[in-house]
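**Student:** take this sequence and fold it.
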Amino acid sequence: MIKNIIKTRNLIEKQRHELMSAVRALPQNDNIKLLGKNCFVVKFSQLGKSLAPEYYDFCWQYNKIANIIEKADMSNIENILLEIIETDRYRETCKNTSHYIKFHPQVLMNLAGILCPALREVKAT
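**Tutor:** Numbering: from 1, shown residues only. Alright, predicted model coming up:
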């Protein structure tokens, strides 16, 4: 009995890490020019409604989504990720404050592209 529980837990954690790796491996924004590890330039014509640098740094957003996956209960991960895709944002709570992280539409499209097969795997277990 305990061996089955441990085996199931290990399988779930493996799927969690595979999903996190797949999210982190998604492509960076083609419309930015990297100047260094933490510095980039965005053409004025590519700026949208948001002026936050994180909005244009897809790798930052993928890491944020991977962190959400890491902390979430796997039984609820599908709902969380689908809500992010549908609302284009996520409410992050830190201690006594909370704020919304707004995701770029291309990040959401890339995320949706990998979620269909990944979510089917998670649901199967």
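
**Student:** gap between the most centrally placed residue in the chain and Phe44?
**Tutor:** Geometric centre of the chain, nearest residue: Ile65, 2.3 Å, by CA atoms, centre = their mean. Noted for Ile65: a distance of 27 Å to Phe44, by CB to CB, to the nearest Å. (C-beta placed from N, C-alpha, C; glycine too.)

**Student:** mind listing the strands for the chain?
**Tutor:** 32-36, 39-42, 89-94, 97-102 (DSSP state E).

**Student:** so which of these is the most packed in?
**Tutor:** Most buried of those, by mean neighbour count (mean count of other CB atoms under 10 Å): strand 39-42, with a mean of 14.

**Student:** tell me what that one is packed against?
**Tutor:** Counting by 3 or more CB pairs under 8 Å, 6 or more residues apart in numbering; DSSP states H and E, the packing neighbours recorded for strand 39-42 are strand 32-36, helix 53-56.

**Student:** state the mean pLDDT of stretch 3-16.
**Tutor:** What stretch 3-16 shows for mean pLDDT is 87.

**Student:** cool, and stretch 77-90?
**Tutor:** The average pLDDT within stretch 77-90 is 92.

**Student:** list the buried ones in that stretch?
**Tutor:** Residues of stretch 77-90 classed as buried: Ile77, Glu78, Ile80, Leu81, Ile84, Tyr90 (neighbour count, 16 or more other CB atoms under 10 Å).

**Student:** all set, thanks.
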